[in-house]
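K.L.:
no sequence on this one, just coordinates:
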């Protein structure tokens, strides 16, 4: 799943630049509280990750709120329990959110629906550049009722959609709100579907237990190509030379992950150079790399966030070559070998 990042400029009394992204879960898995992906819950709670709301902002804002529409209050699942391990029982779940402000993580049931539920437990301005609210279903029964490695069928309760807003001041929503568009949905007033593809029900059957395989990142380079030095002169648009592709498999549902990407080569200089015939003892021409839109500093990690199970791509480009240096350099093929390393940065 590819996340498209754009800037939404807010006007009026709310001057912050806020981008809102929603990532629905594409692989459903029941979890016991305290396990990876459900750390905010106690170990006697039984939960199901649903999706992740991410707010990115360069200025403070107040009281991010979710307004649910066409969404049931209770969701029922049928499957084995300690009371009836063979025939099974129906059990009820309600929707909740988990979020963290500073070092304080809180959980709140989403009971108000169209009346709006706050995503942050604070009356103060949110000043962190990234604020994340995880959406879950939480069982009315303790985790001890359910049987590990069993599967459960969603029998009733419809998932709908939502809109999000922030308060225009510290006075809260009574003093007015600003609706925010969610990336990929359209206008701020258009609801975003909770489940992938707009489904109202979770596909059967949903397992309870740890994933069979560990989470893995894989890096590959595609669309590699040579370039003409004169196409990468300073002042011209950067030239694409390759595309980095990261594949993430077996991620914990409901979590977003990231990697740090580092560019290095064998040359001891802080800059990047192409060398005549690829030989560091021959003539050198300085160049710059761009990763997506970020100018690469040799050896300095570049964060690449917002990943769940899926394939992600970002272009690698070259620029910054001096026309004056090229005109005085010996003719011939110039090259450099760059090593690209990704290091997982855990979930976000």
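P.N.:
Arrived safely, thanks for sending. Note that the structure is a prediction, hence the values are computed from the model and not measured.
K.L.:
number of nearby residues for residue 33?
P.N.:
Each residue near residue 33 was counted by other C-beta atoms under 10 Å, and the total is 18. The C-beta positions use only the backbone N, C-alpha and C, and glycine is treated the same way.
K.L.:
Where does the prediction get shaky in the stretch 151-300 of the chain?
P.N.:
Applying pLDDT under 70 to the predicted model, the residue ranges of the stretch 151-300 of the chain that meet it are 171-172, 210-214, 253-254.
K.L.:
hey, where'd the strands end up in it?
P.N.:
When assigned using DSSP state E, counting those that start in this stretch, the strands of the stretch 151-300 of the chain occupy the ranges 151-156, 161-167, 177-180, 192-193, 206-207, 216-222, 239-249, 257-264, 272-276, 284-291, 294-295.
K.L.:
Now mean neighbour count and distance to residue 36 too, for those, in CSV please.
P.N.:
Below are those laid out as CSV (neighbours: other C-beta atoms under 10 Å; distance: least, C-beta to C-beta, whole Å):
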stretch, mean neighbour count, distance to residue 36
strand 151-156, 18, 20
strand 161-167, 23, 26
strand 177-180, 19, 30
strand 192-193, 20, 26
strand 206-207, 18, 15
strand 216-222, 12, 15
strand 239-249, 17, 15
strand 257-264, 19, 11
strand 272-276, 18, 38
strand 284-291, 18, 29
strand 294-295, 14, 30
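K.L.:
element containing the residue most central in space within the chain?
P.N.:
Taking C-alpha atoms, centre = their mean, the centroid of the chain lies closest to residue 306, which sits 2.2 Å from it. When secondary structure is defined by DSSP states H and E, residue 306 falls within strand 302-307.
K.L.:
Check which element follows that strand along the chain.
P.N.:
Remark: after strand 302-307, the chain's next helix or strand is strand 310-319, criterion DSSP H and E.
K.L.:
So which bits of that following strand are buried?
P.N.:
Taking 16 or more other C-beta atoms under 10 Å as the neighbour-count basis, strand 310-319 is seen to contain the buried residues 312, 316-319.
K.L.:
same deal with stretch 24-43?
P.N.:
The neighbour-count criterion (16+ other C-beta under 10 Å) identifies 24-25, 28-33, 35, 37-38, 40-41 as the buried residues of stretch 24-43.
K.L.:
any idea of the mean pLDDT in that stretch?
P.N.:
Looking at stretch 24-43 alone, the average pLDDT works out to 88.
K.L.:
and it, how far out from the chain's middle?
P.N.:
Centroid displacement of stretch 24-43 relative to its chain, using C-alpha atoms, centre = their mean, to the nearest Å, is 17 Å.
K.L.:
So what would you say the end-to-end distance of it is?
P.N.:
The first residue of stretch 24-43 is 24 Å away from its last residue (C-alpha to C-alpha, to the nearest Å).
K.L.:
any idea how far residue 281 is from residue 304?
P.N.:
35 Å (C-beta to C-beta, to the nearest Å).
K.L.:
which of those two has more neighbours?
P.N.:
For the pair residue 304 and residue 281, the greater number of neighbours falls to residue 304 (20 against 8), based on other C-beta under 10 Å.
K.L.:
ok, now which ones touch the more buried one?
P.N.:
Residues counted as contacts of residue 304 (C-beta atoms under 8 Å, 6 or more residues apart in numbering) are 246, 258-261, 312, 314, 342.
K.L.:
Look up the closest residue to residue 54, ignoring the ones flanking it.
P.N.:
With C-beta to C-beta, 6 or more residues apart in numbering as the criterion, residue 54 has its nearest non-adjacent residue at 4.5 Å, and that residue is residue 21.
K.L.:
Surely the one you found and residue 181 touch.
P.N.:
No. Here residue 21 lies out of contact with residue 181, judged by C-beta atoms under 8 Å, at a distance of 10.6 Å.
K.L.:
Which neighbours do these two have in common?
P.N.:
With the criterion set as C-beta under 8 Å, 6+ apart, the contacts of residue 21 and residue 181 do not overlap.
K.L.:
pretty sure residue 317 is touching residue 236, no?
P.N.:
No. Counting by C-beta under 8 Å, residue 317 stays clear of residue 236, with 11.1 Å between them.
K.L.:
residues shared between the contacts of the two?
P.N.:
The contact sets of residue 317 and residue 236 do not overlap (C-beta under 8 Å, 6+ apart).
K.L.:
what domains does the record give for this structure?
P.N.:
Under the assignment automatic domain parsing, the domains of the chain span 18-207, 216-347.
K.L.:
out of those domains, deepest packed?
P.N.:
Comparing the domains of the chain on average neighbours per residue, with mean count of other C-beta atoms under 10 Å, the densest one is domain 18-207 at a mean of 17.
K.L.:
how far is that one from where the chain is centred?
P.N.:
For domain 18-207, the distance from its own C-alpha centre to the chain's C-alpha centre is 15 Å (C-alpha atoms, centre = their mean).
K.L.:
and stretch 164-179, how far apart are its ends?
P.N.:
Using C-alpha to C-alpha, one end of stretch 164-179 lies 6 Å from the other.
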